[in-house]
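# have a look at this prediction, sequence included:
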Amino acid sequence: MTELQSAPATKSARKTPAAAQKEVRGGGRERNTVTSTRKGVSVDADDSASEYGISDPEFEKSEDDVEVPEDDDILDLLSQSPEKLQEELMKEVREILLLGDAGDDGKIPQLVTVTDESEPESDTNLTSTKSTHYRETSTVKCKPEPGEKKKSKLEVRQELERPRFEQPSNDTEIPNVSESVATLASSDSSDPYPPFKWPEFTDLVYEADGSINLRAQNARIQIVLKTAVLELKKIAVFENVFPTITEKRKMAMRALSTAAYEHKERAILKRLKNDIDYAAALASVVHPEGRISAFRTSIKKLAHQIVVSRFGLKKGCADQVEELLKSHKYIFPTDSNGKVLGDQPFCDEGIVDILHQSMFDGENSIGVRSHEDFVSVLDDNDEPELPVAMVALVATITYAILMDWRSGNPPSSSQVKSFNATLHISVYKAHEATLTRIFECGKKKYHALMARLYKAVSVSQNMLLPAGSLSNFDYLNVDAMSED
């Protein structure tokens, strides 16, 4: 770092011993603390001096009060007393370092003190751990222009401390915002990662009104949808034939996922899980408004003639119907004498026949295609059983047909083809509760009933048990039920 010395000091330095020159130096790693013998002036960090090495009262003095020795005076002191020469040299060094002396370029070196922890400790006793360095400040006028008032040292120091900012020139180019936006737009158009597109075969064909027709779809989607419709019916008869709106939506999504998985359509399955609109569109085909309602009604139409034949219903049968409806006697078989066998609920011929024709008639029927889903409630017995929802549904439909004949007159065609879920859901719940009660009374009794029903309804038409043969089963009276 360049050492700053005045002309008199430079001349005297050649005659000053090396030890004295070391103290005179203004910077560097080996610089010692400079302490004047004059009272009240010190650059020691521990004194009452300010950050710039001198107390405020010193700066309050006018620049005119500062005595600056001439060169000839210093030479005279040299010949008289080396001690006085040393004192004068130190005074001038302090004034150069602390108050500044403008150089040829008009800039004043300003003394700053920074801590340098990486510097090795000097052998010399230092009164401060800080080392002194110089920095160039911005150009400040040190000599007043003609006619300008001379500044005091305090004003000079304040001028040095005042922050200065570089003003932009008139030639500074302001960026064009519209050009920047255009650049960003052009960079977006060259995006190396275009939006993801699903395989074309998963796309749907929409009608002009926004609806979806199953037959308008490609073959792969059609087979998934057809399987899903059958799967939806299976979920209903195995779990809940009277679902709420929320339950219907969940059932439709389960049916679609199962169908896509069964046919190994992974792309369709993945799109179902990740594209909400796509899933909703397919679900509307699988479960449009009234899908399960239509399924229940179709079973009722099929069962109507079976019930009429089983109970011999005809005009004027009102009393007979009332007797069948009393305590739900229609679910029990009778012996050859017409005695109701109360220990055999849900085993009437009519119920068995309806179960067979609606659920197990043909290779594409729900019962035949879902044979692996019929399981046992017993851990040590794997004989398949009919589910509660399936049995309770058929019993409820039998009740509904009898209600159509309650007046003693044959029902109209519209009555035969209709099934009001609101009127009959309570009956369904009652039959469901009866089966639950049997289960709670004993799993083995419940299993014996439902397993025998499965065997009776799952055989082919020519193997159905003849009329009255069901009375040979060990049915309920719950206490009298067999567990075998």
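Now that the structure is in, tell me what you want to look at.

# how long is stretch 374-392 end to end?
Terminal residues of stretch 374-392 lie 16 Å apart, using C-alpha to C-alpha, to the nearest Å.

# ugh, typo on my part, it should be stretch 205-222
End-to-end distance of stretch 205-222 (C-alpha to C-alpha): 11 Å.

# burial of the closest residue to Pro199 other than its chain neighbours, as a residue count?
Closest residue to Pro199 apart from its sequence neighbours, by C-beta to C-beta, 6 or more residues apart in numbering: Ala267 at 5.0 Å. All C-beta spots, glycine's among them, are computed from the backbone N, C-alpha and C. Ala267 sits with 13 neighbouring residues when counted by other C-beta atoms under 10 Å.

# name the element Ala267 belongs to?
Here Ala267 sits within helix 266-274, counting by DSSP states H and E.

# show me what counts as buried in stretch 348-365.
For stretch 348-365, a neighbour-count test (16 or more other C-beta atoms under 10 Å) marks 348-361 as buried.

# sorry, back to before: who does whichever helix or strand comes after the helix holding Ala267 touch, helix- and strand-wise?
Using DSSP H and E, the helix or strand that follows helix 266-274 in sequence is helix 276-286. With contacts defined as 3 or more C-beta pairs under 8 Å, 6 or more residues apart in numbering; DSSP states H and E, the packing partners of helix 276-286 are helix 219-238, helix 245-262, helix 266-274.

# for Asp379, find the nearest of the ones you listed.
Set against Asp379 and scored by C-beta to C-beta, these come closest in helix 219-238, at 19.8 Å.

# so which elements touch the closest one?
helix 245-262, helix 266-274, helix 276-286, helix 291-311, helix 366-369, helix 388-404.

# does anything pack onto the helix holding Ala267? Which helices or strands?
Using 3+ C-beta pairs under 8 Å, 6+ apart: helix 266-274 touches helix 219-238, helix 245-262, helix 276-286.

# give me that answer again for 7 Å
helix 245-262, helix 276-286 (3 or more C-beta pairs under 7 Å, 6 or more residues apart in numbering; DSSP states H and E).

# got these as JSON lines, with mean pLDDT columns?
As requested, the helices and strands packed on helix 266-274 are exported to JSON lines (pLDDT from 0 to 100):
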{"stretch": "helix 245-262", "mean pLDDT": "94"}
{"stretch": "helix 276-286", "mean pLDDT": "93"}
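
# looking at the ones you listed, which is nearest to Gly316?
Closest to Gly316 of these is helix 245-262 (C-beta to C-beta; 41.3 Å).

# helix 219-238 and that closest one, what's the angle between them?
130 degrees (axes from the mean of the first three to the mean of the last three C-alpha atoms, to 10 degrees).

# can you map out the helices along the stretch 351-484 of the chain?
For the stretch 351-484 of the chain, helices defined by DSSP state H, counting those that start in this stretch occupy the ranges 366-369, 388-404, 413-416, 421-441, 443-458.

# how about low-confidence regions in this structure?
1-86, 88-151, 156-157, 160-193, 460-484 (pLDDT under 70).

# and Ile351, how far from Met359?
12 Å (C-beta to C-beta, to the nearest Å).

# typed the wrong thing, it's Leu269
Where Met359 is concerned, Leu269 sits at a distance of 28 Å (C-beta to C-beta).

# hang on, the earlier thing: can you lay out the helices and strands packed on helix 276-286 as JSON lines showing distance to Pro288?
Below are the helices and strands packed on helix 276-286 laid out as JSON lines (distance: least, C-beta to C-beta, whole Å):
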{"stretch": "helix 219-238", "distance to Pro288": "10"}
{"stretch": "helix 245-262", "distance to Pro288": "10"}
{"stretch": "helix 266-274", "distance to Pro288": "17"}
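
# of those helices, which is nearest Arg406?
The nearest among the helices and strands packed on helix 276-286, by C-beta to C-beta, is helix 219-238 at 26.8 Å.

# the closest one: which residues count as buried?
In helix 219-238, counting by 16+ other C-beta under 10 Å, buried: 220-221, 224-225, 227-238.

# residues contacting it, please?
201, 214, 217, 251-252, 254-256, 258-260, 262-263, 265, 268, 282, 285-287, 291-292, 295, 359, 366, 369-370, 373, 387, 389-390, 393 (C-beta atoms under 7 Å, 6 or more residues apart in numbering).

# and the buried ones among these, selectable in ChimeraX?
To isolate the buried ones among the contacts of helix 219-238 in ChimeraX, judged by 16+ other C-beta under 10 Å, type:
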select :217,251,252,254,255,256,258,259,260,265,268,282,285,286,287,291,292,295,359,366,370,387,389,390,393
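
# which residues touch stretch 386-393?
Residues outside stretch 386-393 that contact it (C-beta under 7 Å, 6+ apart) are 237-241, 346, 359, 428, 431-432, 435, 450, 453-454.

# out of the helices and strands packed on helix 219-238, flag the one nearest Ser413.
Nearest to Ser413, of these and by C-beta to C-beta, is helix 291-311 at 10.2 Å.

# if you count neighbours, what's buried in the closest one?
291-292, 295-297, 299-300, 303-304, 306-308, 310-311.

# also stretch 369-382?
370, 374, 376.

# same list (the residues you listed) but as CSV, adding distance to Lys273.
Listed next are these as CSV, based on distance: C-beta to C-beta, whole Å:
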residue, distance to Lys273
Ser370, 24
Phe374, 29
Ser376, 33
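
# how far away is the closest residue to Asp373 other than its chain neighbours from Ser257?
Closest residue to Asp373 apart from its sequence neighbours, by C-beta to C-beta, 6+ apart: Phe238 at 6.5 Å. Distance, Phe238 to Ser257, using C-beta to C-beta: 16 Å.
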